[in-house]
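Novice: The following comprises the amino acid sequence and a computationally predicted model.
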Amino acid sequence: MALFPSEGWLKEYVDKINSSKEYEEAAATWEGDLCYVFEAEPDKSVPNDVWVWVDLWHGKCRGSKFDVTAEEGEKAKFIIRAPYSRWKQVINKELDPIKGMMQGKLKLKGDLPTIVRYVKAANELVNIAGNVQTEFVDDQS
Amino acid sequence: MSLVVTDPDLAGLGAMLADLVRGNIEADPSRAKLLQGVSGKVNVHARDAEVAVGMEFKNGQLHVFAEPFRDATLTIETDSDTLMGMSTVPLRFGMPDVAQSEGRTVVKKMLRGDLKVRGMVRGMPLMVRLQKLLSVA
């Protein structure tokens, strides 16, 4: 069980990306890095924004960094940000990410036509996140 | 002159549609012509997300609002996945190409009522231009 958000959770996530045939197929021509921002919610044990960087290339994740600085994270081609509890809903598959974006619950920065073109790959990335055995930091006893 | 005009605090579906049109025009500036010589109001409703926005073609610009219009010429209503998918459907004369499976899927959704387009006849020029502006296929 990996604690979210943590470096251990990111490692599990990256391993699952790299072993996913569905993602490999959907993102076969994808080139570009992505930052997830888990926005701070101090009352839920997330005192600061957490920036997670993943380098996605042709259906694989060829690099990742946990808790990069905002300055470094801003350089990513795409940034998806939301408060921690929204991400928790996404990982628990209680919130569909496309629907969440349309509702303004998740915010995307980057070239939207590219994301739309690769919407299946984006959905797969979320599905993979939901498949990581996760313990959430605010559920810890 | 900005071709796509939005409220500064526009978020969610409205911001996505505006960004999609902006991105497509940036990638292919000839698409800016699609904004010229047409006027009318379009509502887009993502049923499952319970979000609806208004878009107005006016004076060579596309204005995107956080609220739908009461007097829209054309209304597109469907679920969020279908709405997103409409941008990736190959087009023929600005409409989904029924010679391809993705195009036939859109038509099937219309026949089943999963995708409702109201005002299609009067709003056909708007529909065609909007499809072309939003298409990433």
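Specialist: Thanks, I have the structure now.

Novice: quick one, what contacts residue 85?
Specialist: Let's take chain A. A:E41, A:K44, A:D138 (C-beta atoms under 8 Å, 6 or more residues apart in numbering or on different chains). Every residue, glycine included, has its C-beta placed from N, CA and C.

Novice: That was the other one, I meant chain B.
Specialist: The contact partners of B:G85, taken as C-beta under 8 Å, 6+ apart, are A:V119, B:E102, B:T105, B:V106.

Novice: Contacts only, for the residue in chain A that chain B sits nearest to.
Specialist: Closest to chain B within chain A is A:G104: 3.3 Å, counting by C-beta to the nearest C-beta. Going by C-beta under 8 Å, 6+ apart, A:G104 touches B:A11, B:G12, B:L13, B:A15.

Novice: near chain A, which residues of chain B show up?
Specialist: Residues of chain B found near chain A (C-beta under 8 Å from any C-beta of the partner chain) are B:11-13, B:15-16, B:19-20, B:23-24, B:27, B:46, B:48-51, B:80-81, B:83-85, B:87-88, B:136.

Novice: Selection in ChimeraX covering whichever of those residues are buried, please.
Specialist: Buried residues within these, by 16 or more other C-beta atoms under 10 Å in any protein chain shown, are selected in ChimeraX with:
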select /B:11,12,13,15,16,19,20,23,24,46,48,49,51,80,81,83,84,85,87,88,136
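
Novice: any idea what sits nearest the spatially most central residue of chain A, other than its immediate chain neighbours?
Specialist: Closest to where the C-alpha atoms of chain A average out (C-alpha atoms, centre = their mean) is A:Y36, at 4.7 Å. Nearest non-adjacent residue to A:Y36, counting by C-beta to C-beta, 6 or more residues apart in numbering or on different chains: A:V52, 4.6 Å away.
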